[in-house]
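In: give me a 3D structure for the following:
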Amino acid sequence: MPDVTTRAEPDAPPRLAAYTTLRLGGPARRLVRAGSADAVVDAVRTADAGGEPLLVLGGGSNLVVSDDGVAGTTVLVASTGVRKEHAGDGQVLLTVEAGEDWDAVVAGTLADGLTGLECLSGIPGRAGAVPVQNVGAYGVEIAELLVDVDLYDRRAGTVREHVPAAELGLAYRHSALKGRDDAVVLRIRLALDAGTRSKPVRYPELARTLGVAEGASAPAHEVRDAVLALRRSKGMVLDPDDHDTWSAGSFFTNPVMPVEAAPDVDMPRYPAADGHVKLSAAWLISQAGFRRGHPGPGGRVSLSGRHSLALTNRGTGSTEDLLALAREVRDGVRGAFGIELAPEPVFVGCRL
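Out: Model prediction:
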């Protein structure tokens, strides 16, 4: 298969709904499938040289695309390849091309006797998006494991290799790469441990599921199985036959604010850095009156029946339907608690 495949059909342009986990999004005027890092760079350079609008698309798992679609060029990152290097002290450096399916990468590390990623099992999307969002779940963030990344700098027109993780501004569900389009991730490097035991299990729900104390370790494959089971129970593992999984994952981030600014209400709260506290967005949503399964316009979209943080397409929804539901939830929480929930996905051609 060639590294680059271009599809541009004015009479029947491909709809981006086929490339997002929400199954929402209008047509792409020109879709380029780039099967290698060099092909990604060439496609982006070509679009930039022509002055075209550009969307770089991975797994579409954290994306809300307008019903009107995308003008210009959409580059589908489909580069693959995983390479391991022994780094000493029982560690292995894993280099992953940006187009690799993330959960397949996690499964592959465990099969190869490497640990560290097991708590990040079941997360949809491609490896290149992981540092952009500083993906995290069940007590682990990619910031703890990321060594560096290779980027294409669109402004300079050059590839920057081995950009240290420390330069990426990694924070809770955020990085310096998020919300900007001048840098394209080509590959990532992770430091993993050789072995079969997980790192300390820090997330209470996961520890209870495993039957271990918080801070204890467990067989890494058991941790993965438990994480997948928990995610499935919340509709957070993709299933084409289950509309509860037709989502962009958690739609709102957990608010982080100074302790003194948090509402004087008995609610779940967790210590955060620098005198801040993290609140539960799911709790705020449910207590503001939005229960699981709460419908949006015409019932075409709804909150997940299993997780109030997920906004789902019930099969006939539109992006505008989804945004209307998101606004209803955001405004309801603001009215009830005075807290403005921040969306987690990236918006293309639309806004909340």
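In: alpha carbons only for contacts and neighbour counts from here, please
Out: Noted.
In: what about the helices in the stretch 101-250 of the chain?
Out: Remark: helices assigned in the stretch 101-250 of the chain by DSSP state H, counting those that start in this stretch are 102-111, 130-133, 204-210, 220-233.
In: winner for burial among the ones you listed?
Out: Most buried of the helices of the stretch 101-250 of the chain, by mean neighbour count (mean count of other CA atoms under 10 Å): helix 130-133, with a mean of 24.
In: chain center to that one, what's the gap?
Out: Taking CA atoms, centre = their mean, to the nearest Å, the mean C-alpha location of helix 130-133 is offset from the chain mean by 7 Å.
In: and that helix, what does it pack onto?
Out: Where contact means 3 or more CA pairs under 8 Å, 6 or more residues apart in numbering; DSSP states H and E, helix 130-133 is not packed against any helix or strand.
In: how about a cut-off of 10 Å?
Out: Contact partners of helix 130-133 among helices and strands, from 3 or more CA pairs under 10 Å, 6 or more residues apart in numbering; DSSP states H and E: strand 140-141, strand 146-153, strand 183-194.
In: average model confidence for the last one?
Out: When you say that, I think you mean strand 183-194. Mean pLDDT, strand 183-194: 97.
In: what strands flank that strand, and is each parallel or antiparallel?
Out: Using DSSP bridges, the strands paired with strand 183-194 in its sheet are strand 91-97 (antiparallel), strand 114-115 (antiparallel), strand 146-153 (antiparallel).
In: and those as JSON lines, adding distance to Ile285 and mean neighbour count?
Out: Shown next, in JSON lines, are the strands paired with strand 183-194 (distance: least, CA to CA, whole Å; neighbours: other CA atoms under 10 Å):
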{"stretch": "strand 91-97", "distance to Ile285": "37", "mean neighbour count": "21"}
{"stretch": "strand 114-115", "distance to Ile285": "35", "mean neighbour count": "25"}
{"stretch": "strand 146-153", "distance to Ile285": "32", "mean neighbour count": "21"}
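In: kindly reformat the ones you listed as TSV containing distance to His276 and mean pLDDT.
Out: Compiled in TSV, the strands paired with strand 183-194 are given as follows (distance: least, CA to CA, whole Å; pLDDT from 0 to 100):
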stretch	distance to His276	mean pLDDT
strand 91-97	33	97
strand 114-115	31	97
strand 146-153	25	98
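In: in TSV, list those along with distance to Ala282.
Out: Listed next are the strands paired with strand 183-194 as TSV, based on distance: least, CA to CA, whole Å:
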stretch	distance to Ala282
strand 91-97	33
strand 114-115	30
strand 146-153	28
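In: and Leu54, backbone torsions?
Out: Per-residue torsions, Leu54: phi -140, psi 130 (degrees, to the nearest 10).
In: residues near the closest residue to it other than its chain neighbours, how many?
Out: In space, and not counting its chain neighbours, Leu54 is closest to Thr73: 5.0 Å by CA to CA, 6 or more residues apart in numbering. The local packing of Thr73 (other CA atoms under 10 Å) involves 24 other residues.
In: how about Pro297?
Out: Other residues close to Pro297 by other CA under 10 Å number 15.
In: please apply the same query to Thr158.
Out: Thr158 has 12 nearby residues by other CA under 10 Å.
In: so how far is Val56 from it?
Out: Going from Thr158 to Val56 by CA to CA, to the nearest Å gives 17 Å.
In: now do Pro297
Out: In this view, Pro297 and Val56 are 30 Å apart by CA to CA.
In: please apply the same query to Ala220.
Out: Counting by CA to CA - Ala220 and Val56 are separated by 33 Å.
In: surely Asp193 meets Glu118?
Out: No: if you go by CA atoms under 10 Å, Asp193 and Glu118 don't touch, sitting 11.5 Å apart.
In: which neighbours do those two share?
Out: Each of Thr109, Lys199 lies in contact with both Asp193 and Glu118 under the rule CA atoms under 10 Å, 6 or more residues apart in numbering.
In: number of nearby residues for Gly26?
Out: Counted by other CA under 10 Å, the residues lying close to Gly26 total 21.
In: next up, phi/psi of the nearest residue to it once chain neighbours are set aside, please.
Out: Using CA to CA, 6+ apart and skipping residues adjacent in sequence, the residue nearest Gly26 is Gly69, 3.6 Å away. Backbone torsions for Gly69, taken as degrees, to the nearest 10, come to phi 80, psi -160.
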